[in-house]
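**Q** Following is a predicted model, sequence given first.
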Amino acid sequence: MDIINITISNLTVAQPVNEALNLSPFASALLSILPWIMIFGLLYRQQITSLFISYRVLKGLAKRYKMGVILFAHDVDIKACNEMEMLLRKAEEKNIKEIILILDTFGGMEFAVSRIINAIQNYKGKIYAYVPRYSMSAGSLIALSCDKLYMSKTASLGAVDPQIGILFWVHSSKAWQEIVKKKGIKANDESIAMSLYAEQYTKLIRSYLDKIKNLNGKDDFKNFMTNGDIPHAQQLGIKDLQKWDIEVKDIMPWEIMKIIGKNPKIIKATF
């Protein structure tokens with residue numbers, strides 16, 4: 001009877017079981033969170049699977065073209081800026097001469113895009129931009145800064161005129177300047193300040209375009225992209241760009257089309 005009581009007490013207490021299995025403290029802690037890991041895996045199994053498939057496809061693309069590959073499916077923000085600078089430094093250390101940069105972005109911050117452009121322009125090798133769907137706003141600046149530009153038939157770039165404001169009070173640079181012009185002395189301080197910012201940032205963005213060697217002599221195109229005459233969200237496809245004598249090729253490997261859109265907000269490299 002005493003033996004039965006001991007057996008029952010051991011089975012009802014967790015600690016003796018861990019001791020019986022001879023588990024280390026780390027293994028015991030891992031065992032305790034295992035159910036949460038399984039739940040996470042079940043909830044995000046599609047995203048995790050897509051991530052592994054995408055990386056495998058990118059590696060295949062890199063092997064076929066004998067180049068490094070970077071997937072930039074992310075907002076143009078500080079995180080993306082830091083990641084791109086780190087990847088390009090790593091690529092130079094590995095002596096990678098050519099990189100395929102896959103862009104899938106709606107754009108983002110001026111500060112971040114200026115640093116990414118600088119990193120691209122100072123890279124010792126060649127960087128080729130591939131746009132399967134869209135690379136709008138700041139993303140267009142990145143695409144145009146690369147040595148060559150490739151787009152699918154349905155892909156688009158967009159205008160790069162600055163969008164100025166706070167939260168829901170955001171307008172194009174041209175809109176702020178028009179507001180002040182029409183209101184004259186009745187314009188409030190905020191509108192006047194925003195108009196000044198608009199002028200400053202438009203000149204700044206124009207200076208980025210002036211540094212892009214592929215746009216040398218294309219002042220009309222630079223004005224078109226920055227003056228705010230078209231909506232910021234207007235899509236500029238291959239034919240639209242070719243009207244401005246922008247060199248862009250209709251080439252898009254099937255591997256890129258296969259993975260794009262499955263991994264929102266990710267920056268991944270094959271090196």
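**A** Perfect, I can see it now. What you are looking at is a predicted structure, and each value in this text was computed from that prediction instead of being measured.
**Q** now stretch 103-112, how far from the centre of its chain.
**A** Centroid separation for stretch 103-112 versus its chain: 6 Å, with CA atoms, centre = their mean, to the nearest Å.
**Q** which outside residues touch that stretch?
**A** 71-78, 80-81, 113, 129-140, 142-143, 158, 162, 201, 204-205, 260-261 (CB atoms under 8 Å, 6 or more residues apart in numbering). (Glycine included, C-beta is placed from N, CA and C.)
**Q** Write the ChimeraX selection for whichever of these are buried.
**A** Buried residues within those, by 16 or more other CB atoms under 10 Å, are selected in ChimeraX with:
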select :71,72,73,74,75,76,77,80,81,113,129,130,131,132,133,134,135,136,137,138,139,140,142,143,158,162,201,205,260
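**Q** Just the ones of the contacts of stretch 103-112 in helices?
**A** Counting by DSSP state H, those place I78, A80, C81, V113, A138, G139, S140, I142, A143, Y201, L204, I205 in helices.
**Q** List the contacts of the fourth one.
**A** The neighbourhood of V113, defined by CB under 8 Å, 6+ apart, consists of V76, C81, G107, A138, L141, I142, Y208.
**Q** Can I get these in CSV including distance to K243 and pLDDT?
**A** Shown next, in CSV, are the contacts of V113 (distance: CB to CB, whole Å; pLDDT from 0 to 100):
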residue, distance to K243, pLDDT
V76, 26, 98
C81, 32, 97
G107, 22, 97
A138, 23, 98
L141, 19, 98
I142, 21, 98
Y208, 22, 97
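**Q** Distance to D229 added to those, as a markdown table?
**A** Listed next are these as a markdown table, based on distance: CB to CB, whole Å:
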| residue | distance to D229 |
| --- | --- |
| V76 | 23 |
| C81 | 29 |
| G107 | 18 |
| A138 | 19 |
| L141 | 18 |
| I142 | 22 |
| Y208 | 19 |
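**Q** For K265, state which of the ones in helices among the contacts of stretch 103-112 is nearest.
**A** A80 (9.0 Å; CB to CB).
**Q** Quick check: the gap between the closest one and G108.
**A** 7 Å (CB to CB, to the nearest Å).
**Q** can you give me the helices in this structure?
**A** 2-11, 14-21, 25-43, 45-65, 78-93, 110-121, 138-145, 173-183, 189-210, 219-226, 238-243, 254-259.
**Q** Distance to I99 added to the ones you listed, as JSON lines?
**A** Listed next are the helices of the chain as JSON lines, based on distance: least, CB to CB, whole Å:
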{"stretch": "helix 2-11", "distance to I99": "60"}
{"stretch": "helix 14-21", "distance to I99": "50"}
{"stretch": "helix 25-43", "distance to I99": "33"}
{"stretch": "helix 45-65", "distance to I99": "9"}
{"stretch": "helix 78-93", "distance to I99": "6"}
{"stretch": "helix 110-121", "distance to I99": "9"}
{"stretch": "helix 138-145", "distance to I99": "13"}
{"stretch": "helix 173-183", "distance to I99": "32"}
{"stretch": "helix 189-210", "distance to I99": "20"}
{"stretch": "helix 219-226", "distance to I99": "24"}
{"stretch": "helix 238-243", "distance to I99": "22"}
{"stretch": "helix 254-259", "distance to I99": "14"}
